[in-house]
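Asker: here is the input, now give the coordinates:
(chains A and B)
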Amino acid sequence: MRFLHTADWQIGLKAVHVAGAAQRVREERLEAGRRVVKAARDSGAQLVVVAGDTFEDNGVDRILIQRVADILSEFGGPVYLIPGNHDPCVPGSVWEHPAWTCCDKLHMLLRAEPVEVPGGVLYPCPARDKHSRSDPTSWVEASGSKEVAVGIAHGTVEGVPQDEPDYPIPRDAGSRTGLDYLALGHWHSTTTYPGTAGAPCMAYCGTHEATKFGERDSGNALLVDIAGRGAPPVVSVIQIGGLHWELIEEETRQKGDLLRLLRKVEELQEPRSTLVQVRIRGVVFAEDAESLSHLQQIVESRFLAGELDTSGLFASPQDNSWVEGLPIGVLRDVGNRLRQLADPSYLGQRPEGGSPEVASRALLQLYAFARGSV
Amino acid sequence: MILRSIRVQGWRCLHDPVEVGPLADGVNVIHAPNATGKSTLFEALLRGMLDGHRVKSQELELIRPWGRDLAPTVTVEFSQGGIDYQLAKRFLDNPFSEFKRKEGGRFVRLAEGEEADQRVRELWSRTAPGKGLALWKHWGIAQVLWAPQGSNLALPSLSGDLVTDIQRMLGAQVSGPSSSPVEGKVEEWYLSYYTPKGRFRIGKDAPMVGNLEAQLREAISRKQAQQQHQEQFEELARQVEDLRARQAETSRTAQDYERKLADKRPQAERYARLLSELTRRQEQVNSAQAQYDALKRRLEAVDHHREQIEAARKEHKRLTDDLELRDRGVAQRKQEAEQATTALENARKDRPKVKQAQDEFELGRRYLEARARERHLQDSLAKLQKLLSTLEALKIERSRITAPDDKTLRAIRKAITARDQARVRLEAALITVQVVALRDGALEVVEGEDPGTKVLASGYPMEVKGSPQVVVDLPQVGRIRAWGPAGSIKELRDSVEMHLKEVNELTREFRTTDIAELDQLRAEAAAADKKVAQADTQIGTILSGQAFEDIEKEHRKELAMVSDVLQQRPNWENSPPDLGKLEANAEAVRQGFVEKVEATELTHDSAERSLATARELRAGTEASLRGAEKLFRSLKDTLEGLEKDGKTDAERQEELAELALRWDAANAGLQQVKQEIDTFQTDPRMDVEGLEKLRQAAETGAKKALADEKLAEGKLEQSAAQGTYSALAETEEKVNSLQEELADEKLSVKAAGLLHELLMQCRQDALAQVSGPVERAASALLRRIAGSRLGTIRLGEAFEPSHVLPEAAGETVGIENASGGEKEQVYLATRLALAEVLARRERQLVVLDDVLTATDSGRLARVLRVLEEAAQRVQIIVLTCHPERYGALDQAKFFDLESLVKG
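Answerer: Residues are numbered from 1 along each chain as shown, chains lettered A, B, ... in the order given. Okay, the predicted model is just below:
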């Protein structure tokens, strides 16, 4: 039995953190869906299982449902989907949309009962609510199955730190239920869980396209081969994602650090499909002011989406260069005062609105005026 | 600027050309008497340097000399930056402006027309006056340097750009010349967000922040609405889920009731059949019992009626006997009643005797009363006759007395008092000469009240009165003439005469003016009036409101009545009747009659009642007899009805026993059915009915739940079609984007504000550092002129002297509290200190037009020394009509304007 395991497409994703590129990010998720289907076709998968959270929410635009149904229909073989906690099977859910009835290859598994499929039996565990403290696989008992038994569930495998259980799934769910493989969804990073024989018996395929900065090992689908009932599954990772989410966090302490950071950002590949977030903490020296300005221009203009966070970056209070270029007199006094206020450790009286962040911005601007760069 | 010379013509009183110059670099004193043209020179200098040559105004027309067609013209030669310039300007007629620079020892044209105006003006001020004449605010540095006539050197708050210029001059020394471009950029950055007054820009010039905030507000508002839509969508989903669960539950409940009904219905049907059988059996029992009871009651009735008929027969016999006895009693009572009636009629026949005795008594009473009234009336008539005679006599006596009434008497008293007072005033007005003779003699009153010879008695004073003078001749002694204040006593005499006449008229009919006699007359008249009144009162009392004739008529009536009675009873004239006896006799006759009638009436009533009682008893007995006869017949008829079946008593007893057996059998059947019913603990029909209602309610609930579900599903479908989450997501992204953009923009706004604020603060600090020396320099000058009394000078924000700080006072004092001379000195010291600041780069011209007029000669000497020292850095021109006050200026150059004007 060969099938493609995918999940967490999160179609209609809310991309607040990359608001300027949000629409593109959403479009990319649909494109990634097409790549999943293509990969399934190319790999000769008999079927595709989607382990929940196909949609970000049941309230997504109805056109998206139709588009997803069309994409999945392109596979040509059977596709089995279960509702996840983002798109649970409730009244008004995406699963009531007529798009699903247009193609007889699309099967929504909305009840917890075994379903015979080509080459085996599926044990779906559909989510019926956004939150649940119950093990969705608790009903599965596949020990007696003569055919390859594959479970599809959406939840959190025990061990993942959480404030409270959310569709908890025991770590031994794969072996305990007698399943040959348990296809999981919910967490966006690809993770496999070995069974007693060491081979993977359950796995998170991860989201097919990363959803945010700092998301580990996402943008994949899993191709699962199970030779027969009791045979160890062979799991192959197929890279699907087309977007690069680059989170760069740097602390600048020395002169030239910002220049080095600038070079690093400049070297990032495929900028039009890359989203960048640069967070800088520390101090900026006068001689790096131009690098900082350049960095900001590159981050904001070159990439699909870019954000430069300098809220933790302050003008170096020890750097006399900030004021050396200023004429002696009033402006020099102003520059020195700004240097003072830009220091977060300064304990003296501050004028209203004279926070280190504001003072740093003012000092950088004054410096730019004096250098004639503005 | 240093003024080299000034030539003026056609300007107010300066008709012909007048040139003052060449002027010294130090102090120049231009002096002339008043109205010679000193201030005209000052005015020409000011207009030439600051006003455009084409300017037109009513004020400018005034500078044209009166009655002359001359155009005001001024030519000024001056040095600026080591270069000599010449400015020639004509106003009003064929105006022109020509600006020349000395090149190679001669003046060469540099600019003309408005360009020339502009270039010269810029030497002084950056503020052009516009279309009109230059006002004080356009004077530029001349505000400090030039003190016009009448200003007394007063230095108000500097206006226009001068303050900025001075601050720049001062600030430049601290900040250096290269700061301006950067400061300009800071200012430009700041003004892109704020107005020059520090307010955040709004309107079309508003920075992006305002627009972003508006967009953000709109986006947040949209987001809130979309959140609500999303929540509504989720809530609708929950509602549909709940409704589906409810519909399923109610359907299950309805089905459950249907099953229970299927179990209960057969029981209910059997129960109903048993109840029907029970009713039928009960009816059978009731029928048997009724037949038995009917027969039994009939048998008992036959026996009872037989007994009753026998008793009725015996009662009839007894009543027949009683009726005979009652008839005899009635006849006896009837006879007794007839006898009593006869006795009563006889007693009533004595009634006329009672009336006769009473009439006699009444006649006697009327006779006696009429006779008494007749005698009383006769007495009254006699008294009246007597009183009427007395009254007539009193009235005659009263008519003989003539006396004033009270009103007249009061008028007389008033007239007498007025007369006496007039006499006193007359007496007081007369001149009195009193002569007391030492021996007897005579005197002759020549003029006086009573002229003529008067006898003098030794030791007795004699008074002679008169007016307007008294002239007395004393034989062998001489003439005495006495007079008093001139005045006429005629009015006083007339007054006396008038009041005397009034008294006489009032008292004429009483033949006396003596008030005592008049009072006596009044008293006598009053006494006579009183007697008449008393007699009237007595007559009125007797008449009691009647007329004398009425009393006489009444008397005649009573007399007639007495005569009438005496005709009936003649003996009563001599022997009047005894009313007591007549009354007692009448009463005795009446009493006897009453007692007799009452006794016979009692007897009669008793007999009548006895007769009625006997008749009633007889009627009762007769009625009872008839009732007994009727009862007997009734009983007999009933018995005949009861026995009409034609059966014997034995046959009826046998029938009764058979009916009792039938009743017992029906009862047994009834009990059997009851036992079967009792096997049901409750009525199964009620259970069925209750279950039926519950089933119907459940079905209704299920239908309603289904309808609600369909309705909610419709709404949910509508809500889902809106794609609420997608819309919300996009708006949240927009909000976040705007928030980030706004935060960055606000950071820039704050940074610009902070940078500007710090720049202003540092600039103020720097300026404070340099304005301090100005204050100190001015204060030092003031101390030199006026001593230390006024202390130090404090300048305001526009460099105007605002306060002094006397050392003794320890606190600042307003400049307005200083004397006129001290104010002059404070202003002069401040102007000179500021002039030195303005002259640091370029020597400047200071003009003092007729100032220091309030400064005393002692301080003026010190002022002159100060001016001489200041002249090392500035050029000073003093315009004055007192050149001698400036004679101590050794190095000053003096110009006699009057001589210059005269040529």
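
Asker: ok, now how distant is the residue of the stretch 251-374 of chain A at minimum distance from chain B from B:Val182?
Answerer: Scanning the stretch 251-374 of chain A for the residue nearest chain B gives A:Gly329, at 3.1 Å (criterion: C-beta to the nearest C-beta). Heads up, the C-betas are built off the backbone N, CA and C, glycines and all. Taking C-beta to C-beta, to the nearest Å as the measure, A:Gly329 falls 11 Å from B:Val182.

Asker: just want to know which of these two has more residues nearby.
Answerer: More neighbours surround B:Val182 than the other of A:Gly329 and B:Val182, with 23 against 20 (other C-beta atoms under 10 Å in any protein chain shown).

Asker: which SS class is the more buried one?
Answerer: Classification of B:Val182 using DSSP: H, G, I helix; E, B strand; the rest coil returns helix.

Asker: tell me the contacts of it?
Answerer: For B:Val182, the contacting residues are A:326-327, A:331, A:366, A:369-370, by C-beta atoms under 8 Å, 6 or more residues apart in numbering or on different chains.

Asker: gap between it and A:Val323?
Answerer: B:Val182 is 12 Å from A:Val323, by C-beta to C-beta.

Asker: and what of B:Gln469?
Answerer: Relative to A:Val323, B:Gln469 is positioned 127 Å away (C-beta to C-beta).

Asker: more crowded one of those two?
Answerer: Comparing B:Gln469 with A:Val323 by other C-beta under 10 Å, the one with more neighbours is A:Val323, at 23 against 15.

Asker: excluding its backbone neighbours, what's nearest the more buried one?
Answerer: A:Gly335 (3.6 Å; C-beta to C-beta, 6 or more residues apart in numbering or on different chains).

Asker: phi and psi next, for the one you found.
Answerer: phi -60, psi -40 (degrees, to the nearest 10).

Asker: just the helices in chain A please.
Answerer: With DSSP state H as the criterion, chain A has helices at A:22-43, A:62-73, A:173-176, A:257-266, A:289-302, A:321-324, A:330-342, A:356-371.

Asker: find me whatever residue is spatially closest to residue 12, sequence neighbours aside.
Answerer: The chain I'm using is chain A. Per C-beta to C-beta, 6+ apart, closest to A:Gly12 is A:Val60, 3.4 Å.

Asker: wait, chain B was what I had in mind.
Answerer: B:Thr40 (4.7 Å).

Asker: tell me which element that neighbour is part of?
Answerer: B:Thr40 belongs to helix B:38-50 when assigned by DSSP states H and E.

Asker: follow-up on the earlier one: and the helices of chain A as a markdown table, adding mean pLDDT?
Answerer: Output for those, formatted as a markdown table (pLDDT from 0 to 100):
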| stretch | mean pLDDT |
| --- | --- |
| helix A:22-43 | 96 |
| helix A:62-73 | 96 |
| helix A:173-176 | 88 |
| helix A:257-266 | 95 |
| helix A:289-302 | 93 |
| helix A:321-324 | 86 |
| helix A:330-342 | 90 |
| helix A:356-371 | 91 |
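
Asker: got CSV for those, with distance to A:Glu246 too?
Answerer: Output for these, formatted as CSV (distance: least, C-beta to C-beta, whole Å):
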stretch, distance to A:Glu246
helix A:22-43, 14
helix A:62-73, 27
helix A:173-176, 35
helix A:257-266, 9
helix A:289-302, 10
helix A:321-324, 31
helix A:330-342, 29
helix A:356-371, 25
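
Asker: tell me how far B:Lys530 lies from B:Arg398.
Answerer: From B:Lys530 across to B:Arg398, the span is 10 Å (C-beta to C-beta).

Asker: who has more neighbours out of the two?
Answerer: Each of B:Lys530 and B:Arg398 has its neighbours counted (other C-beta under 10 Å); B:Arg398 has more, 16 against 11.

Asker: contact partners for the more buried one?
Answerer: By C-beta under 8 Å, 6+ apart, the contact list for B:Arg398 reads B:525, B:528-529, B:531-532.

Asker: out of those residues, which comes closest to chain A?
Answerer: The closest of the contacts of B:Arg398, once distances to chain A are taken by C-beta to the nearest C-beta, is B:Asp529, at 117.2 Å.

Asker: what residue is smack in the middle of chain A?
Answerer: For chain A, the residue sitting closest to the mean C-alpha position, by C-alpha atoms, centre = their mean, is A:Thr211 at 2.6 Å.

Asker: ok, and which of the contacts of B:Arg398 reach chain A?
Answerer: Among the contacts of B:Arg398, proximity to chain A is found for none (C-beta under 8 Å from any C-beta of the partner chain).

Asker: in a markdown table, list those residues along with secondary structure.
Answerer: What follows is the contacts of B:Arg398, written out as a markdown table (three-state DSSP):
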| residue | secondary structure |
| --- | --- |
| B:Ala525 | helix |
| B:Ala528 | helix |
| B:Asp529 | helix |
| B:Lys531 | helix |
| B:Val532 | helix |
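
Asker: ok, of these, which come out buried?
Answerer: B:525, B:528, B:531-532 (16 or more other C-beta atoms under 10 Å in any protein chain shown).

Asker: so who does the residue nearest to A:Gly155 when sequence neighbours are not counted touch?
Answerer: Leaving aside its chain neighbours, A:Gly155 sits nearest to A:Tyr167 (3.0 Å; criterion: C-beta to C-beta, 6+ apart). Residues in contact with A:Tyr167 (C-beta under 8 Å, 6+ apart) are A:85, A:127, A:131-132, A:134-136, A:153-156, A:186.

Asker: how many residues are close by the residue lying closest to A:Tyr181 once chain neighbours are set aside?
Answerer: With C-beta to C-beta, 6+ apart as the criterion, A:Tyr181 has its nearest non-adjacent residue at 4.5 Å, and that residue is A:Pro233. Using other C-beta under 10 Å, A:Pro233 has 26 other residues around it.
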